[in-house]
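Asks: coordinates only, sequence not included:
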């Protein structure tokens with residue numbers, strides 16, 4: 001792989017964001033447009049999983065490959081990539097959830113119109 005090895009984790013997270021970004025604009029997920037709701041959904045996940053991750057690191061339950069991470073460490077040795085993961089994955093999940101909801105609402109709306117017929 002070479003010179004990009006240290007960025008693999010971050011590149012994977014960027015790929016996840018790029019793949020789900022169209023859900024916001026094409027399918028109308030409206031996740032990015034609701035910043036307060038997004039913060040309330042993501043911040044607890046970030047806090048809980050960061051604490052869990054730090055405890056695992058401090059107890060030597062797991063570690064992270066210096067080959068595939070940048071080496072930038074946050075509090076108690078947590079790699080920055082982990083924090084990025086704890087933000088990106090819930091964000092992508094919310095985008096997917098909201099996009100599916102939008103598609104289902106549109107589909108139900110069309111089927112109801114068809115069910116009503118000309119005498120409704």
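Replies: Looks like it arrived, so ask away. Since this is a predicted model, take the numbers as computed values, not measurements.
Asks: for residue 46, give its distance to residue 32.
Replies: Note on residue 46: its distance to residue 32, by C-beta to C-beta, to the nearest Å, is 17 Å. Bear in mind the C-beta positions are built from the backbone N, C-alpha and C, glycine included.
Asks: neighbour count for the two, which is higher?
Replies: Neighbours were counted for residue 46 and for residue 32 using other C-beta atoms under 10 Å; residue 46 has more, 16 against 13.
Asks: so which bits of the one helix or strand that one maps to are buried?
Replies: Under the criterion of DSSP states H and E, residue 46 resides in helix 35-58. Buried residues in helix 35-58, counting neighbours by 16 or more other C-beta atoms under 10 Å, are found at 38, 41, 42, 46, 49, 50, 53, 54, 57.
Asks: can you pull the contacts of the first one?
Replies: Okay, so that is residue 38. For residue 38, the contact set (C-beta atoms under 8 Å, 6 or more residues apart in numbering) comprises 31, 32, 91, 94.
Asks: now do the helix or strand of the chain with the lowest mean pLDDT against helix 35-58, angle only.
Replies: None of the helices or strands of the chain scores lower by mean pLDDT, DSSP states H and E than helix 80-116, at a mean of 86. Interaxial angle, helix 80-116 versus helix 35-58 (axes from the mean of the first three to the mean of the last three C-alpha atoms, to 10 degrees): 140 degrees.
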